[in-house]
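Peer 1: Show me how the following folds:
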Amino acid sequence: MPKVRTARLLLREWRDSDHGSFAALKADPVVMEDFRGTATRAESDAMVDGRDPALDSSVAFTAVTNGRSARVMQRLGMRREPEHDFDHPRVPEGSPVRRHVFYRMTRDRWAAR
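Peer 2: Coordinates of the predicted model:
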């Protein structure tokens, strides 16, 4: 079971005990306000169980000026996909943090670690 551990972070495979906590997060409209919306228990369980087709990869993004976050993504094995970089719609034009860079980790790349 691949793991990534730092002093402040642990990335690991899902455990059966994660279902309830994850479902509570996915059902909370405040937590999910910047996402596609809330999820039912069945939808969140499908994500934890790996049955959600949207989980063939994990993505992350950060402001182009945030080198520390970009380095974390790179250390995790995520790859930058410049064709998906974007201007964040909630950041005002002209702001140095408006442009965001996009990283992806595929399920196959994660398993090969």
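
Peer 1: all contacts plus neighbour counts: C-alpha atoms, from now on.
Peer 2: Will do.

Peer 1: Could I get the full set of helices for the chain?
Peer 2: 19-27, 41-48, 67-75, 107-112 (DSSP state H).

Peer 1: Pick out the shakiest of the ones you listed, pLDDT-wise.
Peer 2: Mean pLDDT values for the helices of the chain show the minimum at helix 107-112, a mean of 81.

Peer 1: if I pick R109, what's in contact with it?
Peer 2: Shown in contact with R109 (Cα atoms under 8 Å, 6 or more residues apart in numbering): G77.

Peer 1: give me the number of residues near D49?
Peer 2: Burial of D49 is recorded as 13 neighbouring residues (other Cα atoms under 10 Å).

Peer 1: V4 too?
Peer 2: V4 has 11 nearby residues by other Cα under 10 Å.

Peer 1: so which of the helices of the chain gets nearest R98?
Peer 2: helix 67-75 (14.3 Å; Cα to Cα).

Peer 1: follow-up on the earlier one: looking at the helices of the chain, which is closest to R8?
Peer 2: Closest to R8 of the helices of the chain is helix 67-75 (Cα to Cα; 11.7 Å).

Peer 1: How about residues contacting that closest one?
Peer 2: Under the criterion Cα under 8 Å, 6+ apart, residues 60, 62, 79, 103 lie in contact with helix 67-75.

Peer 1: just the residues you listed now: which is nearest E13?
Peer 2: Relative to E13, the closest of these is A60; by Cα to Cα it sits at 17.7 Å.

Peer 1: what's the offset of stretch 26-40 from the middle of its chain?
Peer 2: Distance of stretch 26-40 from the chain centroid (Cα atoms, centre = their mean, to the nearest Å) equals 14 Å.
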